[in-house]
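Chemist: Below are the sequence and a predicted model; questions follow.
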Amino acid sequence: MVQNLQLVLISTGVFVLTGLAATWVWKVVAHEVANDARLIRELHARLRRIEG
């Protein structure tokens, strides 16, 4: 009985930590994608100015 409770607690802890790690990774990825999109827009605007 005690072993089952320990297993449930460990499994829950691992699940929560995995969820937190995944959330952090998604935030980092979203931030990098937003930065890249901004840089691409700026580069595109500069190229249009040079061509125009």
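Modeler: Cool, got the structure.

Chemist: Let me know the average pLDDT across the helix or strand where H44 lies.
Modeler: Per DSSP states H and E: H44 is located in helix 2-51. Average pLDDT, helix 2-51: 95.

Chemist: That one - contacts with which helices or strands?
Modeler: Of the remaining helices and strands, none touches helix 2-51 by 3 or more C-beta pairs under 8 Å, 6 or more residues apart in numbering; DSSP states H and E. To be clear about C-beta, it is placed using only N, CA and C from the backbone, and glycine gets the same treatment.

Chemist: What is the distance between that helix and the centre of its chain?
Modeler: 0 Å (C-alpha atoms, centre = their mean, to the nearest Å).

Chemist: Nearest the geometric middle of the chain, what residue?
Modeler: Taking C-alpha atoms, centre = their mean, the centroid of the chain lies closest to W26, which sits 1.5 Å from it.

Chemist: Please tell me how far it sits from A37.
Modeler: 16 Å (C-beta to C-beta, to the nearest Å).

Chemist: And Q3, by the same measure?
Modeler: 51 Å.

Chemist: okay, those two: which has more neighbours?
Modeler: A37 (10 against 7; other C-beta atoms under 10 Å).

Chemist: Report the separation between the more buried one and H31.
Modeler: Separation of A37 from H31 (C-beta to C-beta): 11 Å.

Chemist: Same question for G19.
Modeler: Taken as C-beta to C-beta, the span from G19 to H31 is 19 Å.

Chemist: now swap in G13 and tell me
Modeler: Relative to H31, G13 is positioned 27 Å away (C-beta to C-beta).
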